[in-house]
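S.K.: could you work out the structure for the sequence below:
(chains A and B)
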Amino acid sequence: MGRTDYCGRISPAAVGATVTVAGWVHRRRDHGGLIFIDLRDRTGLVQVVVSPDAAEAFATADAVRPEWVVSATGPVAERPEGMANPDLATGAVEVRATHLTVWSRAETPPVSPADGAAVDERVRLKHRYLDLRRPELLKNFVLRDRVVFAVRRWMHAHEFLDVETPTLGRSTPEGARDFLVPSRLQPGHVYALPQSPQVWKQLLMVGGVDRYYQIVKVFRDEALRSDRQPEFTQIDVETSFLSQSQILDLMEDMVRSVFQEALGVTLPPWPRLTHAEALAQYGTDKPDLRAGPPLVDLTAVGQQVGALELPEAASWVGIVVEDAALSRKQLDALVEQARALGAPGLWWIRRTPEGVRTNAGRALADGGAGRLADAAVLGRDGLLLVMAGPMGVVNRHAGAMRLAVAAQLGRAASGFHFLWVTDFPLFEWSADEDRWTSAHHPFTMPNPSDLVLLATDPGAARSQAYDVVLNGVELASGSLRIYDPDLQAQIFSVLGLTPAETASKFGYLLDAFRFGPPPHGGIAFGLDRLVMLMAGAESLREVIAFPKTHTGSDPLMGSPAPADPGQWAELRLTPWGPDLPQRSS
RNA sequence: GGAGGCGUGGUGUAGCUGGCCUAACACACAUGCCUGUCACGCAUGAGAUCACGGGUUCGAAUCCCGUCGCCUCCGCCA
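M.R.: Got it, this is the predicted structure:
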C-alpha cells in the first residue's frame, strides 16, 4: 500500500515530489485519450491525471468506477496554464499517475458521496458508511473530535478527574422512563441503564474525588425528536466545596475555551437570568436571545384601555418589532398562528406616517392602540404585537409568537447566544400523578431562604438549579445537591415517597450521607446538542455516527431485533402482549 | 398517547379530479466516441410487479380500509 500523503493536503510545495495517495474515486472524467480521477479521502480531494503514456495505469483508470478504492503514485505537478480550479483546495496541482492500483471495487452506491443530494433518511441510515463518506457529514465528526479534545484538555488542566461509572445500574423513580436490562443470574431482576450518572457522581464526591467529569453515554426511553436520541452523550461534571457562582464561572470558562479551541470563536460573557425573569421577559425557560428584544409588560396600560372582548385579562404582553416589513398577509398568518397556540387572538399595532394602524378595531377604547404603542416605546415604522389573557399563559404564548415573528422575518439565524437561567422552581405539580414532582431531580438543593416553604407551599420554593441555554436550546442542566440526609428525606416526603420506598430505593445514598458528604454540585451538558449547534446542523443525526430513527430503530444493524427462544428462556422471560409488532423488511 | 406529511427504476421527483401509463424527467448505471476536464461533452441502451395486504370498479400508481416504514410537531423527556 504505502500511502505517503493525504489527498486534501497535496500543495504546490510538493511539486516535483513523487507521492502515493489513496482513497475513494469521487468522480471520473474520461476524455478518451486522457482520464481524470478526483480521488477523495478524509481530508478532501485531489485530481489524479492518467495519460496513455503510462499504459498499465491508463488501462486501470479506464476500468475504475465511482467509490472504488484505489491508490495512485506519481509526481505532483503544477496544473497547466489556465487549468487551475479555484474551487478546490488542491486545485493548483495534480498527481500525474505512473501507477494506479485498485484495492476494492464498489457497486453503484445508493447514497452517492459525490452528489450530497437529499436522500431518504432510511436509505442514508441503512448505508450509513456511505453517508459518512460525504464530506459535509464527515466534517461534523472532525468538529466533534475537536470539541471532545478541547473539553478533555480543559478538564485535565483544571484538575478534573475522568472517572468511569457503571452502565448497569438500578432503576430509580422520578424522571424519564428507564431502559431495563434483565439479569440472567438473578431471574426476575433488572438493571437499568443510566439516565445520567447522577447518583454515582454524588457518591464520588462523598468518596473525596473533589472534581469529576466524564464524557459518557446515557439512556432515556422516551419519545424521540430531531434533537433527542434514546442514547446520547453527556459531558458530566461534579465538584465539591464550590458555590453556585463558582461552578457557573468555571463551566462558562470551559465552554468558552472549547469554542475558542474548536471553532476559533470568542464568546462574550453570558447573561444570567432567573427562571422568573426568563418567563417574564421571554415567556420560556430557554430564551432565544437572537429573536429580538424581550417581551414588554403592558398590563398597566392594557387594563386602562381595556379590551371589550377580554375585560378580565390579568396580563398584557407586547412584542416589539422594529423595522418590520411584514405584509398584511404575513400579519394575518401570525394571528392564525397565535390562535393555533390556543391564544384568544393577537392584535398588531403599527406606526405609519399616516398614524396608528391596527387590527384591534373597537376591542380597545379610543386611542387605546396609540397608548399601548407609547407604553411599548414603539419607534417610527415599528410594529407592536399585543396579547392579553390569564397571567402566565399569555407570556408563554407571547414567547412562542416572539419566535414565530423572528422566523417570519428570517432573523435569528447566526451567532452563538448563551445565557444562564437560575433559580428554577424546586417542584412542579403533576396533574397526572396528583403529586409534586422534582423540577430538576430529587437531589437538588433548595434555596436556603425557601426551606420553610417545603412544608407550607412547595410550589413556591426555589432551587439552586441552573440551565445553560444556547440559541433557544437547553444545552446543560445542573444544581447544587442536597448532602444532608434529613433534608433529603424531607424532599422525598414532599414527592410522596414513603420512608419504606425511600429506604429501599435510595437507602444507599442516605447511608452515604451519614459518613461525611461534602457540599457539592455539578452540571451535565448535552454533547451531541452542543456539537449540533456548533456545526449548524439541523438534527442530532448529523453529529452521531450511527443514530437511531424516530422510532428507536437502527436500519443498518436492524436493531432492536427479536430474541431467540433460548435467550428468553435463559432470562426466564416470555414476550407477552396482544400482538407483537410485525416486521416488513 | 395524539396530530400532520411522505413512500413510484440505484437516487431525487412528475403522474395521483381512475382508461391517453405499454409509467415520464433528471442524475446515477452500461456500451461506444473524445488528450485538459473538474457537476466534462456527445451518441446509444438497460433498468420499476408504483411500500405491503385487502376492497370498490369493466378497468387502480391514481379512490377506500388496514398494516409497515421514514420525517416533523404536541404530550412526554427529573
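S.K.: next, count neighbours for A:Gly399.
M.R.: 26 (other Cβ atoms under 10 Å). For every residue, glycine as well, the C-beta is placed using N, CA and C.
S.K.: which helices and strands does the helix or strand encompassing A:Asp511 pack with?
M.R.: In this structure, A:Asp511 sits in helix A:499-512 according to DSSP states H and E. Helix A:499-512 sits against helix A:198-206, helix A:485-494, with contacts defined as 3 or more Cβ pairs under 8 Å, 6 or more residues apart in numbering; DSSP states H and E.
S.K.: show me how far the helix or strand that comes right after it is from its chain's centre.
M.R.: Per DSSP H and E, the first helix or strand lying C-terminal to helix A:499-512 is strand A:520-526. In terms of Cα atoms, centre = their mean, to the nearest Å, the centre of strand A:520-526 is set 16 Å apart from its chain centre.
S.K.: follow-up on the earlier one: for the helix holding A:Asp511, the averaged confidence score.
M.R.: The average pLDDT within helix A:499-512 is 89.
S.K.: hmm, that helix in reach of RNA strand B?
M.R.: No. Helix A:499-512 lies out of reach of RNA strand B by Cβ under 7 Å from any atom of the strand, never closer than 11.6 Å.
S.K.: buried stuff in that helix?
M.R.: The neighbour-count check on helix A:499-512 (16 or more other Cβ atoms under 10 Å) flags A:502, A:505-506, A:509, A:512 as buried.
S.K.: over to stretch A:187-201?
M.R.: A:191-201.
S.K.: and A:Ile35, how far from RNA strand B?
M.R.: In this view, A:Ile35 and RNA strand B are 8 Å apart by Cβ to the nearest atom of the strand, to the nearest Å.
S.K.: what about A:Ala561, how many residues close to it?
M.R.: 10.
S.K.: residues near the closest residue to A:Asp288 other than its chain neighbours, how many?
M.R.: Excluding the flanking residues, the one nearest A:Asp288 by Cβ to Cβ, 6 or more residues apart in numbering is A:Gly472, at 3.0 Å. Per other Cβ under 10 Å, the neighbour tally for A:Gly472 reads 19.
S.K.: same deal with A:Asp5?
M.R.: Based on other Cβ under 10 Å, the number of other residues close to A:Asp5 is 19.
S.K.: what's the helix or strand for it?
M.R.: A:Asp5 belongs to no helix or strand, assigned by DSSP H and E.
S.K.: surely it and A:Thr18 touch.
M.R.: No. Applying Cβ atoms under 8 Å as the test, A:Asp5 and A:Thr18 come out as separate, 10.2 Å apart.
S.K.: circling back to that earlier point, closest one of the buried residues of stretch A:187-201 to A:Asp423?
M.R.: A:Asp423 has its nearest neighbour among those in A:Gln198, at 20.5 Å by Cβ to Cβ.
S.K.: so who does the closest one touch?
M.R.: Each residue near A:Gln198 by Cβ atoms under 8 Å, 6 or more residues apart in numbering is listed here: A:441, A:443.
S.K.: of all the helices and strands packed on helix A:499-512, which lies closest to RNA strand B?
M.R.: Ranking the helices and strands packed on helix A:499-512 by proximity to RNA strand B (Cβ to the nearest atom of the strand) places helix A:198-206 first, at 3.9 Å.
S.K.: quick one: average pLDDT of that closest one?
M.R.: For helix A:198-206, mean pLDDT is 96.
S.K.: now the angle from that helix to helix A:499-512?
M.R.: Interaxial angle of helix A:198-206 relative to helix A:499-512 (axes from the mean of the first three to the mean of the last three Cα atoms, to 10 degrees): 40 degrees.
S.K.: how about the helices in the stretch 51-200 of chain A?
M.R.: Using DSSP state H, counting those that start in this stretch, the helices of the stretch 51-200 of chain A run over A:55-63, A:121-126, A:128-132, A:135-157, A:198-206.
S.K.: in its sheet, what does the helix or strand that contains A:Val317 sit against?
M.R.: Following DSSP H and E, one finds A:Val317 within strand A:315-321. Applying DSSP bridges to the sheet, strand A:315-321 is found paired with strand A:296-297 (antiparallel), strand A:383-389 (antiparallel).
S.K.: do the helix or strand that that strand is followed by and RNA strand B meet?
M.R.: Toward the C-terminus, strand A:315-321 is succeeded by helix A:328-341 as the next helix or strand (DSSP H and E). No. Using Cβ under 7 Å from any atom of the strand, we find that helix A:328-341 stays clear of RNA strand B, coming within 9.5 Å at best.
S.K.: residues in contact with helix A:328-341: which ones?
M.R.: So helix A:328-341 is in contact with A:326, A:345-346, A:348, A:359, A:385, A:387, A:397, A:400-401, A:404-405, A:408, going by Cβ under 8 Å, 6+ apart.
S.K.: scan the residues you listed and report the most crowded one.
M.R.: If you rank the contacts of helix A:328-341 by neighbour count (other Cβ under 10 Å), A:Met387 sits at the top with 29 neighbours.
S.K.: how much space between it and A:Leu409?
M.R.: 18 Å (Cβ to Cβ, to the nearest Å).
S.K.: then A:Trp347?
M.R.: 18 Å.
S.K.: partner strands of the lengthiest strand in chain A, with direction?
M.R.: Longest strand of chain A, by residue count under DSSP state E: strand A:18-30. If you go by DSSP bridges, strand A:18-30 pairs up with strand A:35-41 (antiparallel), strand A:69-78 (antiparallel).
S.K.: the following helix or strand past the first one pairs with which strands, and in what direction?
M.R.: In this case it means strand A:35-41. Using DSSP H and E, the next helix or strand after strand A:35-41 towards the C-terminus is strand A:44-50. Strands adjacent to strand A:44-50 in the sheet, as given by DSSP bridges, are strand A:35-41 (antiparallel), strand A:93-96 (parallel).
S.K.: check whether stretch A:60-72 contacts RNA strand B.
M.R.: Yes. Judged by Cβ under 7 Å from any atom of the strand, stretch A:60-72 and RNA strand B are in contact via A:65-66.
S.K.: buried residues in that stretch?
M.R.: A:60-61, A:64, A:66-72.
S.K.: with stretch A:213-226 instead?
M.R.: A:213-216, A:218-221, A:224.
S.K.: among the residues you listed, which ones are in strands?
M.R.: Taking DSSP E as the definition of strands, these contribute A:213-216, A:218-219.
S.K.: could you dump these to JSON lines with distance to A:Arg79?
M.R.: Shown next, in JSON lines, are those (distance: Cβ to Cβ, whole Å):
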{"residue": "A:Tyr213", "distance to A:Arg79": "49"}
{"residue": "A:Gln214", "distance to A:Arg79": "50"}
{"residue": "A:Ile215", "distance to A:Arg79": "44"}
{"residue": "A:Val216", "distance to A:Arg79": "49"}
{"residue": "A:Val218", "distance to A:Arg79": "51"}
{"residue": "A:Phe219", "distance to A:Arg79": "52"}
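S.K.: out of the residues you listed, the closest to A:Val321 would be?
M.R.: Using Cβ to Cβ, A:Val218 comes nearest to A:Val321 of those, at 39.8 Å.
S.K.: what pLDDT is listed against the closest one?
M.R.: 95.
S.K.: so which residue of the stretch 301-450 of chain A comes closest to RNA strand B?
M.R.: A:His441 (2.9 Å).
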